[in-house]
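> Pasted the sequence and its predicted model underneath.
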Amino acid sequence: MSHVNVTINGRQYRMACEEGQERQLLQLAESLESRITALRGKFGEIGDARLTVMSALMIADELLDANQRIVRLEEQLTALQDARYAAAERVKATQSAISAALNSAAERLEKMTQTLNRTVGNGIAMG
């Protein structure tokens, strides 16, 4: 367990964190501090608790927006995956149809070739 000193709303706090998470904790504290400072600049001295609560609500609002966007993106991803699967199935069906058509054409050509060979073989001249 590691410890980091952070400044929030002008006060120092000693915070515990997992090893390797020190930098992130410092960045989070700096982000919160900058929000509080911005609110103080906008509303003046309205009380430390109120500034902290307003900052927390701003962060919660951003988190809610981000979570809603994630849900929308996940829905879009699912729709795209479904469309991709349907397109792949259509491709398979089209390939099968083309293959069947080519096989049928090849069989007809083979029959025509056999007919022509028999006709020429029997000494009948064409044309």
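Sure, I can see it.
> Show me the contact partners of stretch 4-17.
By Cβ atoms under 8 Å, 6 or more residues apart in numbering, the residues outside stretch 4-17 that reach it are 1-3, 22, 24-26, 29, 32-33, 36, 48, 51-52. All C-beta spots, glycine's among them, are computed from the backbone N, C-alpha and C.
> Oops, could you answer that again for stretch 23-30 instead?
Contact partners of stretch 23-30, identified using Cβ under 8 Å, 6+ apart, comprise 4, 6-8, 13, 15, 17.
> Try it again at 10 Å.
Applying Cβ atoms under 10 Å, 6 or more residues apart in numbering, the contact partners of stretch 23-30 are 2-8, 13, 15-18, 21, 59.
> Stretch 58-73 too?
Contacting residues not belonging to stretch 58-73 are listed as 28, 31-32, 35-36, 38-39 [Cβ under 10 Å, 6+ apart].
> and it, average pLDDT?
For stretch 58-73, the mean pLDDT works out to 97.
> Run the chain-centre distance for the host helix or strand of Val120.
Assigned by DSSP states H and E, Val120 belongs to helix 48-121. Centre-to-centre, helix 48-121 and its host chain are 15 Å apart (Cα atoms, centre = their mean, to the nearest Å).
> There's contact between Phe43 and Leu51 in this structure, I believe.
Yes - under the criterion of Cβ atoms under 10 Å, Phe43 makes contact with Leu51 at 7.8 Å.
> Neighbour count: those two, which is higher?
Counted by other Cβ atoms under 10 Å, Phe43 and Leu51 do not tie: Leu51 has more neighbours, with 20 against 12.
> Contact partners for the more buried one?
9, 35-40, 43-45.
> Let's see that with 6 Å instead.
Counting by Cβ atoms under 6 Å, 6 or more residues apart in numbering, Leu51 makes contact with 36, 39-40.
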